[in-house]
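Asks: Dropping a prediction and its sequence here:
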Amino acid sequence: MPTARSTLLRTELPIIQAPMAGVQGSALAIAVSEAGGLGSLPAAMLSPEALERELLALTAGTRRPWNVNFFCHRPPAPDEAREAAWRRALAPFYAELGLDLAAAAAAPARRPFDAATADLVEPFRPPVVSFHFGLPAPELVARVKGWGSVVLSSATTVEEARWLEAHGADAVIAQGLEAGGHRGHFLSDDVTAQLGLAALVPQLAAAVRVPVIAAGAIADAAGVRAALALGAAGVQVGTAFLLCPEATTSAVHRAALVSEAARHTALTTLFSGRPARGIVNRLMRELGPMNPAAPAFPLAGGALLPLRAAAERQGRGDFSPLWAGQNVGGCRAVPAAELTRALAAGLSPR
Ligand SMILES: Cc1cc2nc3c(=O)[nH]c(=O)nc-3n(C[C@H](O)[C@H](O)[C@H](O)COP(=O)(O)O)c2cc1C
């Protein structure tokens, strides 16, 4: 029987609460860490001031291990032709909602991890730092490891897992194609090369020496045990935490998660420019989920903001990213500590 304790993460339970930018802050992370899992703070959409505030709250809220997560994409060069095509594609929706396309805002900031961020984070000595979309430059990885953090990043293929191991990751998160939110790929953007979890975990476990953490559609204790049986050393669970009171998931997102619509998720580039899995909504149906007009990550989201806000005011998620994995069966509106303990049910004590 798999044991509960995670030696690498130094947590009581081999359960990581997936960092989920835009739907949670330190409160969810604290609750999970206090319950014996590894709580995660997503930093991708936080300003430096907000990140510092959240790190202060997190370190005041728990003395147990925790994780802070960053994106490491390369910000794209602006492409006016693509931006114009995108606005043309959105114009009918603007007209329908009586909105002014000229007033569309810039995309929400998504900062990649850089030296200034490292300066801000270093005094907090995070027990774990995880990255999405690869790893930052080698000198930054060396800095993070030098101050004592365990470094994690997501792989969607065997090649990415090998690359992460070779570039300093202490463990690799096997992100199955079922997973909610952004795909973590960074070597190839061919999503057809990416594997479902039951294929990915054993292949990664055979390909790398570092521990493999399973992510994607794991939503209950049976799913956790199955992932460990496939060769994972731990699991990373996202979607199942979205209804917890400590998450900041919006009302339309919560409503979608408990609706019939949640049975149908798809990969889409419409909301940010990078493929991410969410519940199929009106925008995805009408423009096609992978429309090439959507500007490069993270620029696509900007022109959607007014549409999103107007529809959400009417209680509709027609233009909102309703991120979710393929298994919403574990989403429960219970405190995150209760959910964490339920996920670990049946694991033998250390
Ligand atoms: C709402 C949402 C937001 C996410 N945001 C991030 C993020 O900021 N950083 C990250 O590394 N992964 C992010 N992910 C992906 C998770 O790390 C993980 O791969 C995924 O949640 C696992 O699949 P599951 O949602 O089916 O449990 C997000 C996932 C969701 C559902």
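Replies: All right, it came through fine.

Asks: Number of residues surrounding residue 290?
Replies: Per other CB atoms under 10 Å, the neighbour tally for residue 290 reads 14. Yep, even glycine has a C-beta here, placed from its N, CA and C like the rest.

Asks: contacting residues around it?
Replies: 267-269, 275 (CB atoms under 8 Å, 6 or more residues apart in numbering).

Asks: top of those by neighbour count?
Replies: residue 268 (27 neighbours).

Asks: just the helices in the protein please.
Replies: 26-34, 48-61, 80-96, 115-121, 138-146, 158-166, 197-207, 221-229, 251-257, 282-287, 305-313, 336-343 (DSSP state H).

Asks: related to what we said a few turns ago, in strands, which of the contacts of residue 290 appear?
Replies: Among the contacts of residue 290, the members found in strands (DSSP state E) are 267-268.

Asks: Now compare the contacts of residue 290 and name the two farthest from each other.
Replies: 267 and 269 (7.8 Å; CB to CB).

Asks: Now do the shared contacts for the two.
Replies: 275-276, 289-290.

Asks: Keep those residues, but drop any that are not near the ligand.
Replies: Near the ligand, taking CB under 6 Å from any ligand atom as the test, no member of those is found.

Asks: Closest one of those residues to the ligand?
Replies: For the shared contacts of residue 267 and residue 269, the minimum distance to the ligand (CB to the nearest ligand atom) is 7.8 Å, reached by residue 276.

Asks: Would you agree that closest one is in contact with residue 268?
Replies: Yes. If you go by CB atoms under 8 Å, residue 276 and residue 268 touch, sitting 6.4 Å apart.

Asks: Find the residues that touch each one of these two.
Replies: In contact with both residue 276 and residue 268: residue 321, using CB under 8 Å, 6+ apart.

Asks: Pull up the residues of the stretch 1-150 of the chain that are close to the ligand.
Replies: 18-21, 23, 42, 44, 69, 132.

Asks: What is the most widely separated pair among those residues?
Replies: It's 23 and 132 that sit farthest apart of these, by CB to CB, at 14.7 Å.

Asks: The two: which has the busier surroundings?
Replies: More crowded of residue 23 and residue 132, by other CB under 10 Å: residue 132, with 27 against 20.

Asks: Not counting sequence-adjacent ones, nearest residue to that one?
Replies: residue 184 (4.8 Å; CB to CB, 6 or more residues apart in numbering).
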